[in-house]
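Here's my sequence, what's the structure:
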Amino acid sequence: MRLALYTGLILAGGYTCLTPALAADPTGDWRVADGVANIRVAQCNGSMWGAVSWEKQPGGRDENNPDVSKKNRPTLGMVTLIDMKKKPGADQWEGQVYNAQDGQTYSATITPSGPDQLEIKGCVMGFLCGGETWTRVGPPIPLSTANAMAKGAPKQPTGAAPKAAATTTAAAPAPAPAAPKAAGAAKPGQKSATDPVGDICLLPEIAGFAH
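Presented below is the predicted three-dimensional model:
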């Protein structure tokens with residue numbers, strides 16, 4: 001049995017413990033082991049959260065949710081990693097994972113293993129634990145306006161005020177053409193045709209989470 005439709009955490013079987021990487025950043029987009037989806041992980045409200053940011057087969061629905069009102073909700077943008085708190089003294093976050101296969105929520109941990117791998121482990125009632133490795137497909141996510149204002153999020157360093165431009169009678173050089181934006185790029189909190197999810201901290205289920 002798989003722990004989650006888009007996390008692929010195996011509830012039965014062994015799990016190999018890996019040493020967490022030092023000063024690792026679990027934020028960014030990660031491809032799950034079977035390649036069917038990407039999970040976007042970001043710091044929101046002082047915790048790590050994850051949501052489906054891409055699907056290999058679009059149009060998925062949360063059909064097994066016990067809440068009838070959610071059975072038809074899209075799996076794209078669906079929250080999978082829930083309110084994961086950093087474990088003191090370790091690069092590991094503990095919280096919950098939503099299992100779209102059975103509509104249940106289980107305890108889970110995420111542990112970066114180097115800059116490009118994320119180890120996911122989930123357990124049922126504290127046992128029958130299993131896990132898999134996700135591969136990075138998107139860079140770490142800097143704090144957006146929503147993240148910076150979130151409870152418990154570290155403050156951004158305040159930079160020095162920019163110097164005033166020197167007065168000159170010479171004609172200003174023509175501005176260089178703007179570099180093309182990377183595919184799927186969008187400003188924090190915005191959505192685009194290639195990135196329909198945007199800043200996951202603005203998703204209602206995350207933004208409205210009670211602490």
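
pLDDT below threshold where in the chain?
1-23, 126, 144-190, 210-211 (pLDDT under 70).

All the strands of it, residue numbers only.
Using DSSP state E, the strands found in the chain span residues 28-31, 37-44, 47-55, 79-86, 93-99, 104-112, 117-124, 127-136.

Give me whichever of those is most buried.
Greatest average neighbour count among the strands of the chain goes to strand 37-44 (a mean of 26), per mean count of other CB atoms under 10 Å. C-beta coordinates here come from the backbone N, C-alpha and C atoms, glycine included.

Tell me which residues touch residue 104, please.
Residues near residue 104 by CB atoms under 8 Å, 6 or more residues apart in numbering: 66, 98.

what are the bridge partners for it, then?
residue 99 (DSSP bridges).

Between the strands of the chain, which one is closest to residue 200.
Distance to residue 200, taken as CB to CB, is lowest for strand 47-55 among the strands of the chain, at 4.4 Å.

For that closest one, enumerate the helices and strands it packs against.
Secondary structure elements in contact with strand 47-55, counted by 3 or more CB pairs under 8 Å, 6 or more residues apart in numbering; DSSP states H and E, are strand 37-44, strand 79-86, strand 93-99.

let's go with 10 Å and repeat that
strand 28-31, strand 37-44, strand 79-86, strand 93-99, strand 104-112, helix 204-207 (3 or more CB pairs under 10 Å, 6 or more residues apart in numbering; DSSP states H and E).

count of residues packed around the residue nearest to residue 140 when sequence neighbours are not counted?
In space, and not counting its chain neighbours, residue 140 is closest to residue 25: 4.3 Å by CB to CB, 6 or more residues apart in numbering. Residues lying near residue 25 (other CB atoms under 10 Å) number 16.

I'd guessed residue 77 sits against residue 199; true?
No: the pair residue 77 / residue 199 is not scored as a contact, 11.3 Å apart, by CB atoms under 10 Å.

how near is the residue nearest to residue 140 to residue 142?
The spacing between residue 25 and residue 142, counted by CB to CB, to the nearest Å, is 10 Å.

Between the two, which contacts overlap?
Common neighbours of residue 25 and residue 142, counting by CB atoms under 10 Å, 6 or more residues apart in numbering, are residue 43.

how near is residue 141 to residue 128?
32 Å.

should've said residue 31
Distance from residue 31 to residue 128, by CB to CB: 25 Å.

before we move on, the earlier item: got the strands of the chain as JSON lines, with distance to residue 195 columns?
Shown next, in JSON lines, are the strands of the chain (distance: least, CB to CB, whole Å):
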{"stretch": "strand 28-31", "distance to residue 195": "10"}
{"stretch": "strand 37-44", "distance to residue 195": "9"}
{"stretch": "strand 47-55", "distance to residue 195": "7"}
{"stretch": "strand 79-86", "distance to residue 195": "17"}
{"stretch": "strand 93-99", "distance to residue 195": "22"}
{"stretch": "strand 104-112", "distance to residue 195": "22"}
{"stretch": "strand 117-124", "distance to residue 195": "20"}
{"stretch": "strand 127-136", "distance to residue 195": "16"}
